[in-house]
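1. when you get a sec, could you give me coordinates for this:
(2 chains)
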Amino acid sequence: MKLIIKNGRLIDPANNLDGLLDILIEDGKIAAIAENLMSADAQLVDASGKIVCPGFIDMHVHLREPGFEYKEDIASGSRAAAAGGFTTICAMPNTDPPVDNSVTASFIVERAKKLGIVNVLPIGAITKKQAGQELSAIAELIEAGCVAISDDGKPVARADIMRNALEYAKMFNLPVLSHCEDIDLARGGLMHEGYFSTIYGLRGIPAAAEELMVAREIILAELTDAHVHICHASTRGSMDLIRKARAQGIKVSCEVTPHHLTLSDEVVGSYDTDTKVNPPLRSSEHIEALRAALQDGTVDCIATDHAPHHFESKDCEYELASFGISGLETAVAVIMDQLVKPGALGINQMVSLFATGPARVLGIDKGSLALGQTADITIIDPQATKKVNPNNFYSKGRNTPYKNMELTGWPWMTIVNGNVVCREGMVI
Amino acid sequence: MNLEQRKDLLGLRDMSREEIELILDTAIPMKDVIGRDIKKVPTLRGKAMVTVFYENSTRTRTSFELAGKYLSADTVNLAVSTSSVQKGESLRDTIKTMEVMGFDLMVIRHAMSGTPHYVARNTRMRVINAGDGTNEHPTQALLDMYTIKEKKGTLENLKVAIVGDILHSRVARSNIYGLNKFGCEVRVVGPSTLMPPEIEKLGVKSYYSLDEAISGVDVINVLRIQKERQQSGLFPSLDEYARLFMVGSKRLAKAKDDVLVLHPGPVNRGVEISSELADSSQALINEQVTNGVAVRMALLFLMMGGVRDEINN
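-> Below you'll find the predicted structure:
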């Protein structure tokens, strides 16, 4: 089967491409990239006015299956990813049972393959049961398809365990993804500590709760010469630490989320539980620092930390509500509308952050449009304007603080393995 | 002007000075009703209100209930400890149940900040916040302001010191928002561990020294210290707290001669206020309670559409 994408602006930072280039896809692979490509027997996609990019990768997604299928499952999460313009997603291991063994990892891989919507790459747990005490069977997890390890949601409290994890993962060139949070300092916190936590009377989580652990991970990465990746970095201090460490050649990478880049802690004032997320929405000075870090290359990628929840765990008192934002279906539009449209981020930079960057962090052969490569492609319509309506989400999690917001710049088509899996928001 | 167009009273932060003045002015004839032989006016007959307290309370709950009764509203108290809440009923379901029984107004207290806001969004009933977590306690601040105004004749440009656990105090927040609207100089003082971040941005001056903070003030509002704060490591001992921050008769010399001392109750004698001062004529603790009924009557009256003639006669 052949597919030809014509008349679009092709952007592929990995190969330094940016121009009106057509792509021919044959048997799921990229067969040609050139101006004015012709093929009589190929199905035509007219991408005039659109932006054609390597398939976007979201390396931080909670698919909830197995164990929490009432929040999300691999099928609904995969459809949400396709609708959001992602061709590859990484599934965090905090399921029940957690992904601390090859059986659970294989289950996720098999299930995703059978669905055939987007690529789902599992992330294994750092420690057994994510309990922070003993290392998981890491080699086994890699064999089953895991591309990284993380105890996301449950930070590894013990420095000696984290050191061992980094040391061990280094054997396999495996990144260790760290959810940085000093549990004692953050305990009971509901939002960012600062002016607005004072006003709203909600217990604050100081930026220092994150930064303490970022500092620890950097020091341990230096000690072990291993690759640590900081999940959902959200503070100015984290960015300063990471920037400095990278300048020293320490192997630290990081991701930021669309919500930490665009929403400040002021929005918590409505006590809308959809604003409750961990790490919390920070103050505007932190947002500015994250945006600056996008510009200077300190940030490797944008990841959603897609955390779908059942409505009942959000339809309640603020303090009782679960932390998390359902992010897959709004991420691209939020970045397009809030950063690219006002000129705070170049479109090429955005493609880097959604495709090239995460592929580099994970060390996977994706995120570029090289000849012969699997045809995972994301096409964006920069003109499309739509209101966010969570009721139309493919995700089971409708918990989004962007609800009813009108955004410009949406994914137009998602192509995985040469197959069109989503067109104008409709998953096929 | 009335408060009928305002569905809920959730806090003083988003309330105008005019609205506050209206409530305080309306409370004057209400206090008169409380002093009568027959403490009942028919103005809210046919209206129904429910008090739902998820936290313990002596003053506030009784005060609301009595305020409703004096105005002839039908008042019901949902005893949370014996209700379906104990069977695990969600707040949402509890609210709906109250709503479909036909209540016009719900008074809610909850240990979690923002809960009255959540309730207000999810019901047709009017909602009054009777204290939510560490956010606001608007009717306490209103009765404090009423008490001050009654004694001082005005609220304009007074110096008011709030002493104690500012971090966890909803009384402090509501007082700050309210008093600021009248041009008062509000000072807050307490242990540094109980001072919220960036508090001065709320338009107050913050102090760690009690003597400095109360120097030349017209009013001192003493907050209750909760013993569990000491247990969670925020200060070393109640003795040390008392040594640094207990308001007693001797220390009052720094304040103006006619300084008023307020306390929202219940009092920890010998911790945040000396027993001697609590019982003295400078302390208005009992008058605050009486005024609380009057202010809450005013609020219920204004929010549920009472008829003024039925009060005056």
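2. C-alpha from now on. contacts and neighbour counts both.
-> Noted.
3. can you give me the helices for the chain?
-> Reading this off chain A. Per DSSP state H, chain A carries helices over the ranges A:74-83, A:102-115, A:138-143, A:159-170, A:183-186, A:195-200, A:207-224, A:236-247, A:258-262, A:284-295, A:331-335, A:347-351, A:357-362.
4. that's the wrong chain, I meant chain B
-> B:17-34, B:59-70, B:91-101, B:115-121, B:138-152, B:170-180, B:210-214, B:227-231, B:238-245, B:275-278, B:285-303, B:309-312.
5. what about residue A:89, distance to residue A:28?
-> With the distance defined as CA to CA, to the nearest Å, residue A:89 ends up 19 Å from residue A:28.
6. who has more neighbours, the two?
-> For residue A:89 and residue A:28, the more surrounded residue by other CA atoms under 10 Å in any protein chain shown is residue A:89, and the numbers stand at 25 against 20.
7. that one contacts residue A:82, correct?
-> No - look at residue A:89 against residue A:82 with CA atoms under 8 Å: they stay out of range, at 9.6 Å.
8. how many other residues sit next to residue B:241?
-> 18.
9. then residue A:137?
-> The number of residues packed near residue A:137 is 17, by other CA under 10 Å.
10. residues contacting it?
-> For residue A:137, the contact set (CA atoms under 8 Å, 6 or more residues apart in numbering or on different chains) comprises A:100-102, A:128.
11. can you check residue A:203 too?
-> A:188-191, A:193, A:197.
12. per-residue pLDDT, it?
-> At residue A:203, the model reports a pLDDT of 96.
13. to residue A:154, which of the helices of chain B lies closest?
-> Distances from residue A:154 to each of the helices of chain B were compared using CA to CA; the shortest belongs to helix B:227-231, at 26.2 Å.
14. name the residues of that closest one that come out as buried.
-> Residues of helix B:227-231 classed as buried by neighbour count (16 or more other CA atoms under 10 Å in any protein chain shown): residue B:229.
15. how far is that helix from where the chain is centred?
-> Relative to its parent chain, helix B:227-231 has a centroid offset of 22 Å by CA atoms, centre = their mean, to the nearest Å.
16. what is that helix packed up against?
-> Applying 3 or more CA pairs under 8 Å, 6 or more residues apart in numbering or on different chains; DSSP states H and E, one finds that helix B:227-231 contacts no other helix or strand.
17. could you export it as CSV, CA atoms only?
-> Taking Å, rounded to 0.1, in the frame of the first residue of the first chain, the C-alpha atoms of helix B:227-231 are listed here in CSV:
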residue,chain,number,x,y,z
LYS,B,227,-2.4,21.9,70.1
GLU,B,228,-1.8,19.7,67.1
ARG,B,229,0.3,22.4,65.5
GLN,B,230,2.9,21.8,68.2
GLN,B,231,2.8,18.1,67.6
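18. what's near enough to touch the nearest residue to residue A:331 once chain neighbours are set aside?
-> In space, residue A:331 comes closest to residue A:258 once its chain neighbours are excluded; the distance is 5.9 Å by CA to CA, 6 or more residues apart in numbering or on different chains. Residues touching residue A:258, when contacts are defined by CA under 8 Å, 6+ apart, comprise A:302-304, A:331, A:334-335.
19. and residue A:258, how far from residue A:402?
-> According to CA to CA, residue A:258 and residue A:402 sit 11 Å apart.
20. now residue A:1
-> As for residue A:1, its distance to residue A:402 is 39 Å (criterion: CA to CA).
21. of the two, which one has the most company?
-> Neighbours of residue A:1 and residue A:402, each counted by other CA under 10 Å, are more numerous for residue A:402; the result is 21 against 11.
22. wait, the more buried one touches residue A:388, no?
-> Yes - under the criterion of CA under 8 Å, residue A:402 makes contact with residue A:388 at 6.6 Å.
23. quick one on the thing from earlier: mutual contacts of residue A:89 and residue A:82, please.
-> Common contacts of residue A:89 and residue A:82, defined by CA under 8 Å, 6+ apart, comprise residue A:118.
24. now the closest residue to chain B within chain A: closest residue in space, sequence neighbours ignored.
-> Per CA to the nearest CA, the residue of chain A with the smallest distance to chain B is residue A:201, at 4.0 Å. Closest residue to residue A:201 apart from its sequence neighbours, by CA to CA, 6+ apart: residue B:135 at 4.0 Å.
25. with residue A:172 instead?
-> In this structure, residue A:172 finds its nearest non-sequential neighbour in residue A:139, 8.0 Å apart by CA to CA, 6+ apart.
26. and the one you found, how many neighbours?
-> Should you count by other CA under 10 Å, residue A:139 turns out to have 16 residues around it.
27. over to residue B:107?
-> In terms of burial, residue B:107 registers 24 neighbours under the definition other CA under 10 Å.
28. my guess is it contacts residue B:129. True?
-> Yes - distance between residue B:107 and residue B:129: 6.1 Å, which falls inside the contact criterion (CA under 8 Å).
29. mutual contacts of the two, please.
-> In the contact map built from CA under 8 Å, 6+ apart, no residue is linked to both residue B:107 and residue B:129.
30. up against chain A, what does the stretch 51-200 of chain B have?
-> Applying CA under 8 Å from any CA of the partner chain, one finds that the stretch 51-200 of chain B approaches chain A through B:90-92, B:112-115, B:117-118, B:133-136, B:167-168, B:170, B:173, B:196-199.
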